[in-house]
Each structure stands twice: as structure tokens, then as C-alpha cells.
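Engineer: Sequence and predicted structure are below.
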Amino acid sequence: MTNIKFSDLFQAKTFWLIVFMSAIPFSAAAADKAVSSQQTAVFAGGCFWGVDAVFKHVKGVSRVESGYSGGKAATAHYEQVSNGDTGHAESVRVRFDPAQVSYQQLLEVFFKVAHDPTQLNRQGPDYGTQYRSAIFYTSAEQQKVAQSYIKKLTDARTFSDPIVTQLVPLEQFYPAEDYHQNYLALHPYQPYIVFNDMPKLEQLRKQFPALYH
């Protein structure tokens with residue numbers, strides 16, 4: 001049996017410890033890079049419960065929050081927004097990886113599945129400016145892509161009625177109360193969810209099978 005010196009064993013352990021420790025900053029840097037590559041999109045299309053659920057089932061989307069956009073911080077509360085006079089629209093903030101799903105694809109889901117872009121200041125059974133159709137763009141590039149896509153839908157007469165979706169810059173997004181977050185997943189059998197929002201998930205699965213998860 002070959003004799004192993006303690007000094008040799010110590011040197012070997014030291015070598016592998018250095019290798020392991022040198023890999024940690026790289027992993028952290030890779031994680032930071034992955035986070036920094038994420039982009040944000042904000043959409044309003046009626047009650048945020050269903051819109052939230054739709055985007056949560058899109059591949060490449062890492063986080064979706066329900067909230068309010070278009071008004072001021074002081075009125076970003078459900079009871080006030082429900083009055084329809086705060087300037088806010090019930091909205092969702094979508095964090096996504098453009099390497100997996102493009103902003104263009106999110107627009108397609110928004111217009112064809114998440115809501116009806118031809119309904120003015122309403123969506124299904126809900127009425128009021130807080131339920132309006134809107135895109136709150138976060139960059140000039142998003143504005144350009146959205147304008148182009150709306151024009152494409154209009155020219156193709158995709159919908160029998162005119163598209164009334166507002167296209168405005170995002171000033172601020174205010175997260176909604178905790179009980180509104182992930183609402184469909186937590187209340188799948190509520191009648192409103194069953195009749196208004198579950199069919200959207202089925203349409204997402206049928207129309208965009210490659211994006212659905």
C-alpha cells in the first residue's frame with residue numbers, strides 16, 4: 001500500500017477548495033445576468049384576475065402581479081379604483097424573458113385571449129374606465145411594436161368592431177392588495193372565475209399550444 005503524506009493530502013484538498021470557491025462568483029454573476037435579462041410589460045384588459053391567470057400560463061413569463069396603472073398612488077386602492085374616477089385601470093405587470101417569449105407574442109396573447117380589445121370602458125360583465133383596454137409601454141421599442149401590431153390587426157379586420165385599446169407610457173404600477181394576487185389559482189370554483197376566466201385558459205391552450213404551460 002502506498003504511503004500518502006499528510007502534506008500531499010492537504011495540498012489536494014486546498015486545490016479543490018480553491019476550484020470550488022472560484023466557481024461561486026461565476027454562478028452569482030450568471031444568476032445576476034439572468035435576472036437583468038428580464039423585461040417588463042404592463043397590460044390592462046378588464047378584471048385583473050383573468051388577465052393575471054392567462055399570463056401566468058405563458059412560457060417565458062417568470063412573474064405576474066395584479067395592480068393599478070394610470071392614476072396616482074393616493075388612489076391606488078381597490079375601493080377607490082372601483083368607483084371608476086381615479087384614472088386607474090386594473091392592470092397586470094408581467095416579467096418575462098425575451099429569449100423565451102417575445103413582447104410581440106405577449107401582445108398576441110393579450111389581444112386574442114386575455115380580453116376583448118373592442119369593448120370600450122368595459123370587459124364582459126364589468127363596466128367602468130377601470131376596466132378599459134390599455135397597453136402601458138415601458139420603452140420606445142414596446143410602443144413601436146404595439147403600434148405596428150394594432151395596425152396589423154386593424155388592416156386585417158381581425159375583429160368586427162374597432163380596436164379601442166389605449167397605448168400610453170407607463171408612469172407607475174401599484175401592486176394590488178394581497179387578496180387579489182394569484183386569484184384564479186386560489187379560487188378556481190368561484191362562479192365569476194368559472195364563467196369568465198377559465199375559458200381564457202382553455203383558449204390559450206388551444207390557440208398558443210407552444211406557449212402554454
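Structural biologist: Ah, there it is.
Engineer: Nearest the geometric middle of the protein, what residue?
Structural biologist: V94 (1.9 Å; C-alpha atoms, centre = their mean).
Engineer: Specify the local secondary structure of that one.
Structural biologist: strand (DSSP: H, G, I helix; E, B strand; the rest coil).
Engineer: What pLDDT does the model give it?
Structural biologist: On the pLDDT scale, V94 is placed at 98.
Engineer: Tell me where the protein is predicted with low confidence.
Structural biologist: The chain contains residues with pLDDT under 70 at 1-36.
Engineer: So what sits opposite the residue nearest to the centre of the chain in the bridge?
Structural biologist: In this entry, V94 is beta-bridged to A41, V64, by DSSP bridges.
Engineer: got a list of what it touches?
Structural biologist: 40-43, 55, 61, 63-64, 106 (C-beta atoms under 8 Å, 6 or more residues apart in numbering). Just so you know, the C-beta spots here come from the backbone N, C-alpha and C atoms, and that holds for glycine as well.
Engineer: Now with 7 Å, please.
Structural biologist: With contact set as C-beta atoms under 7 Å, 6 or more residues apart in numbering, V94 has these partners: 40-41, 43, 55, 61, 64, 106.
Engineer: Go through those and say which is closest to Q181.
Structural biologist: Distance to Q181 across these (C-beta to C-beta) is lowest for V64, with 9.0 Å.
Engineer: Report how many residues lie close to the closest one.
Structural biologist: With neighbours defined by other C-beta atoms under 10 Å, the count for V64 comes to 23.
Engineer: Could you do A210 as well?
Structural biologist: Residues near A210, counting by other C-beta under 10 Å: 8.
Engineer: could you say which helix or strand contains it?
Structural biologist: Remark: A210 resides in no helix or strand, with elements defined by DSSP states H and E.
Engineer: Kindly provide the distance from it to Q105.
Structural biologist: Separation of A210 from Q105 (C-beta to C-beta, to the nearest Å): 9 Å.
Engineer: which residues in the protein form strands?
Structural biologist: Using DSSP state E, the strands found in the chain span residues 39-45, 61-69, 89-96, 122-123, 126-127, 133-137, 166-169, 173-175.
Engineer: Quick one: closest of the ones you listed to K151.
Structural biologist: So among the strands of the chain, strand 166-169 is nearest, using C-beta to C-beta, at 11.0 Å.
Engineer: OK, contacts around the residue nearest to A185 when sequence neighbours are not counted?
Structural biologist: The spatially closest residue to A185, leaving aside those adjacent along the chain, is A53, at 7.0 Å (C-beta to C-beta, 6 or more residues apart in numbering). For A53, the contacting residues are 184, 197, 201, by C-beta under 7 Å, 6+ apart.
Engineer: want to try CSV for those, with neighbour count as columns?
Structural biologist: Output for the contacts of A53, formatted as CSV (neighbours: other C-beta atoms under 10 Å):
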residue, neighbour count
L184, 23
D197, 24
L201, 17
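Engineer: just these now: which is nearest V164?
Structural biologist: Using C-beta to C-beta, D197 comes nearest to V164 of the contacts of A53, at 21.1 Å.
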